[in-house]
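> I would like to see how this sequence folds:
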Amino acid sequence: MQRPKIICHMLTSINGKISGGYMSSKYATSGSMAYEITNNTYQSQAWLCGRVTMEKNFTDFHKPVLKKITTPYPRTDYVAQENAEMYIVSADPSGKVG
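Residues are numbered from 1 along each chain as shown. Below you'll find the predicted structure:
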């Protein structure tokens, strides 16, 4: 397996926020278009987002129902489907994403 090439490609407001009213304003339109053009040029195979972005855009803030386990889950590598068209990774160290 080849090692991944990672590029941090983001669209942010002047104060560094990545969500909120600014992103739907007329001032963000040209930035959004440039973001999509650049993203398509990279032909990326995956993208990463944090917990808040994942909740807002994918889980509709659904909270997980976690069952107490008696046997710890084994700490082994997870290998995703090798031929998937696209991958999404959520950074959620607290385990809050539903």
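
> Next, residue 52: secondary structure please.
Three-state assignment for residue 52 (DSSP: H, G, I helix; E, B strand; the rest coil): helix.

> looking at this, residue 47 is in a strand?
Yes - per three-state DSSP, residue 47 lies within a strand segment.

> The nearest residue to it once chain neighbours are set aside: neighbour count?
Excluding its sequence neighbours, the residue lying closest to residue 47 (CB to CB, 6 or more residues apart in numbering) is residue 88, at 5.9 Å. For every residue, glycine as well, the C-beta is placed using N, CA and C. By other CB atoms under 10 Å, the residues close to residue 88 number 12.

> residues touching residue 88, list them.
Neighbouring residues of residue 88 by CB atoms under 8 Å, 6 or more residues apart in numbering: 46, 47, 48, 49, 58.

> Looks like the fourth one contacts residue 91 (just checking).
It stands for residue 49. Yes - at 7.3 Å, residue 49 counts as touching residue 91 under the criterion of CB atoms under 8 Å.
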